[in-house]
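[1] Build me a model from this:
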Amino acid sequence: MRGSILPSIVLLTILNPALGQVNVLTQHNDNQRTGANLSETVLTTSNVNVDHFGKLFTRPVDGHIYAQPLYVSNLSIGGGTHNVVFVATAHDSVYAFDGDDGVLYWHASLGTPVPSGVINTPNIPVEVGIISTPVIDPSTSTIYVVAKTYESSVQIHRLHALSLTTGVEKFGGPVQIAAQVSGTGDGGSNGVVPFVSSQENQRSALTLANGNVYMAFASHEDYSPYHGWILSYNKTTLQQNAVFNDTPNGGLGGIWMAGTGLTVDANGNVYCMTGNGTSDAQSGGVDYGECFLKLSPTLSVLDWFMPNDFDNLNAWDADLGSSGPMMIPGTNDLIGGGKEGILYLVNTSNMGHENGVDLVLQEWQAVSLNQPGSHHIHGAPIYYHGTGGTYIYLWGENDALRQFQFNGTGFNSTATSTSAMLAPEINTGMPGGTLSISANGATAGSGIVWATTVSDNDAIHAIVSGVVRAFDAADVSHELWNSRQDQARDDIGVFAKNCAPTVANGKVYVGTFNKELAVYGLNPPTPAVTQAISVDFQGNASSAMAPGETAGVVAVAHWNNAAAASGSASNLVDSAGTSTTAGVSWTSDNNWSTGVSEAAGNARMMKGYLDTGAGNGSTTTVTVTGLPAAYSARPYTVYVYLDGDNGGAWRTGAYTIGSTTIDAVDMGIDFGGIFARAVNSEGNYLVFPGLTGTSFTLTATGVDDIFRAPVNGIQIIANGDAAPPSPTGLTAHAGA
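    Modelled structure (predicted):
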């Protein structure tokens, strides 16, 4: 391994020989941004399947997770030696959980995040706090974090250096982030352009190199004035020592790269890709919109490449910087691509500048144009050298996962293999798939490509459901497992945008917008035999469900049929067909149905529904009483299914049981065989875990000014077997 690009998973072991396991200390595993953990000896293509692999547990946090979880093996913490996973949230919190059992060691709150409404940034809903992936320095046991806070109506960025073992601030931190450069660009005056926190989004992952912490900035929603900035701070003094602005005499040029960190070569040079912005370097200027950039460790420009269609990219908001560059190990070559879906292979010894033609090693349309919608690349490709060859993997918008082979000097531009499914699977939208890879070196049968994707909707300005997937790295047409094969056990819930899975020591850590960290691994808990009472609201569908039809996320038979817009039924049968003491009553304004073709099972259950009347505030009520002891003796879970005849419109309903209300956005499409969980988001089902007592009432209230808030069916799951609530009451170990 060479110089500053020494992979993080090796670095900690070298600094402390007693530590012999994997560590993930930076976004995509190393400063080359390969996304690869090549020391995974537990997970293989033989055991990652629905029978042996699944969700082990979740741990609650206080906000959305945009930052990739980081991981340290054999850390001295809490009076012992433990594997620890670190999670940062948009609520400006950092958590240290035990990586094996989820015990909380410490939680640091770094301030009050900025409400998204203050910035008017639907790209980051709810709040803007810690959005970038932190970075860990094992030599000083420090995790570095940039948090955005809201203080007396002022937006402020600060760099924090926290102890890995306690979460306490170090090195005199935090320090407020400020900067300026000479120039005549947007937002400047008197020949000076200042850094303005309210205009800047710190999305790109932090980078540790050359004894410094580097951070890059872009905009919120392209609100001008803003610039692309890279700032450098000494890792032990936290003093700023270098500043770079990529459009000092112009504007824009954000450096966000969909969360990818800066890339660093063996000499400590820093690389990035910039977005839409002033582009005059080709005529001797100092503005580098739409560029690959090579910067010295002190952030002076050494070289650059600008695609010859840069004007078109600027005109169509097709910025190059929606992706970050990856350095191909063993070469001087970078690869990356932006919203056109074109990958560029660039020689860092002679990057090519801009000459009317692209003087690069290779470029090709890597994201298929055959599908409708956009063809953006978000994030970066990942890299793997296995027994069958050397490959990169890429999952662009509205496309399949693609595997491209590298021959040492270039790529076969025809994919070696592709996945069977697109992302999204049904509609069109952003951002495609966010990838990581695990393998035991080049050992056959060990390479696995991990992906988080949206399920069937656009995540650009919405909170949507997601899927976690695993593919054979030798042939990505072979999907090994996904979180919907046993959805009741493994569902990820709401997709965390551009947040890569972290794989370490036999476990996969996935951030979510459910306000929880999900942890997957071998031998997931086996639930008890499911006891369920299920009710299908037939609506005006032509036929009722037969006793033998199986339906639902928790797939069971013996659904109770409830016809008419209002009514009641007693002695409901359970999933074994046994009569119980439970009863149900319901009132609604309408019976209705979707355009789903009636067929046994899920399609028939989702066909008809109870519908609210016209007008904001119209409500459907479903009350269940007399639940038997098998349900009421322990907390139980209620699933609610919703799919209305929306004619392509997205409509919102507020669904309430007890003190819990979940807003669900009916997705505007008829049920197509895929269940998507709504967690204050788009979806076609939602979950109320941890309910108690022998009765409950569900209210479904139309939030729009036209009738909707459908209720197609409900399921009551005994003992919470199908969806146990996240553990609570976590205690910190000594010294936290």
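[2] Go ahead and confirm residue 220 touches residue 196.
    No: applying Cβ atoms under 8 Å, one finds residue 220 not in contact with residue 196, separated by 11.4 Å. Quick note: C-beta positions are derived from backbone N, CA and C, even for glycine.
[3] Which residue of these two possesses the greater neighbour count?
    Neighbours were counted for residue 220 and for residue 196 using other Cβ atoms under 10 Å; residue 220 has more, 22 against 15.
[4] Show the model's pLDDT score for the closest residue to that one other than its chain neighbours.
    Distance criterion Cβ to Cβ, 6 or more residues apart in numbering; nearest residue to residue 220, sequence neighbours excluded, is residue 121 at 4.3 Å. Residue 121 carries a pLDDT value of 95.
[5] quick check, residue 121 in a helix?
    No: under DSSP: H, G, I helix; E, B strand; the rest coil, residue 121 sits outside any helix and is assigned coil.
[6] burial count for it?
    Residue 121 sits with 19 neighbouring residues when counted by other Cβ under 10 Å.
[7] what does the average pLDDT come to for stretch 432-448?
    97.
[8] quick thing: my sequence starts at 35, can you match it?
    Got it, the first residue is 35 from now on, which makes the last one we talked about stretch 466-482.
[9] For it, buried residues please.
    Using 16 or more other Cβ atoms under 10 Å as the test for burial, stretch 466-482 gives 466-474, 479-482.
[10] Let's see which of these end up in strands.
    467-472, 482 (DSSP state E).
[11] and which of those residues is nearest residue 365?
    Nearest to residue 365, judged by Cβ to Cβ, of those is residue 471 at 18.1 Å.
[12] Can you give me every residue that contacts that closest one?
    68-71, 416-418, 427, 481-484, 507, 537 (Cβ atoms under 8 Å, 6 or more residues apart in numbering).
[13] Isn't residue 462 up against residue 407?
    Yes: shown here, residue 462 and residue 407 form a contact pair, counting by Cβ under 8 Å, at 3.1 Å.
[14] ok, now which ones touch the residue nearest to residue 254?
    Neighbours of residue 155 in contact, by Cβ under 8 Å, 6+ apart: 162, 235, 254-255.
[15] If we use 10 Å, what do you get?
    Neighbour list for residue 155: 148-149, 161-162, 235, 253-255, 257, 495 [criterion: Cβ atoms under 10 Å, 6 or more residues apart in numbering].
[16] Make a PyMOL selection of whichever of those turn out to be buried.
    Buried residues within the contacts of residue 155, by 16+ other Cβ under 10 Å, are selected in PyMOL with:
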select buried, resi 148+161+162+235+253+254
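[17] Hmm, which of the contacts of residue 155 is lowest in pLDDT?
    At the low end of pLDDT for the contacts of residue 155 is residue 495, which has 85.
[18] Could you check the pLDDT of the residue nearest the centre of the chain?
    A centroid search over the chain (Cα atoms, centre = their mean) returns residue 530, at 2.5 Å, as the residue closest to the centre. Predicted confidence (pLDDT) for residue 530: 95.
[19] Now it: closest residue in space that isn't a chain neighbour?
    Leaving aside its sequence neighbours, residue 530 sits nearest to residue 545 (Cβ to Cβ, 6+ apart; 4.2 Å).
[20] so how many other residues sit close to the one you found?
    Count around residue 545 with other Cβ under 10 Å applied: 28.
[21] those strands in the stretch 485-634 of the chain, which residues are they?
    500-506, 513-516, 536-538, 541-545, 550-556, 566-573, 594-597, 601-603, 617-621, 624-627 (DSSP state E, counting those that start in this stretch).
[22] ranking those strands by burial, who's on top?
    Stretch with highest mean neighbour count among the strands of the stretch 485-634 of the chain: strand 536-538 (a mean of 28; mean count of other Cβ atoms under 10 Å).
[23] Give me the sheet partners of that strand and which way each runs.
    strand 541-545 (antiparallel) (DSSP bridges).
[24] Ok, which of the strands of the stretch 485-634 of the chain comes nearest residue 215?
    Here strand 541-545 is closest among the strands of the stretch 485-634 of the chain (Cβ to Cβ), at 34.0 Å.
[25] That closest one: how far from the chain's middle?
    11 Å (Cα atoms, centre = their mean, to the nearest Å).
[26] now that strand against strand 500-506, angle please.
    Relative orientation of strand 541-545 versus strand 500-506 (axes from the mean of the first three to the mean of the last three Cα atoms, to 10 degrees): 150 degrees.
[27] Span of stretch 716-733 from start to end?
    18 Å (Cα to Cα, to the nearest Å).
[28] which residues of the stretch 435-584 of the chain fall in helices?
    Using DSSP state H, counting those that start in this stretch, the helices of the stretch 435-584 of the chain run over residues 521-524.
[29] low pLDDT regions in it?
    562 (pLDDT under 70).
[30] Do a quick rundown of the helices in this structure.
    Shown for the chain, the helices assigned by DSSP state H span residues 42-49, 150-153, 344-349, 521-524, 636-641, 663-666.
[31] chain center to the second one: distance?
    In this case it means helix 150-153. 21 Å.
[32] Using the record's assignment, carve the protein into domains.
    Domain assignment for the chain, taken from automatic domain parsing, gives 37-77+91-556, 566-754.
[33] lowest-confidence stretch among those domains?
    Minimum mean pLDDT among the domains of the chain: domain 566-754, a mean of 90.
[34] Show me what the closest residue to residue 480 other than its chain neighbours is bridged to.
    Closest residue in space to residue 480, ignoring its immediate chain neighbours: residue 474 at 3.9 Å, by Cβ to Cβ, 6+ apart. On the basis of DSSP bridges, residue 474 is bridged to residue 73.
[35] Kind regards, and thank you for your time.
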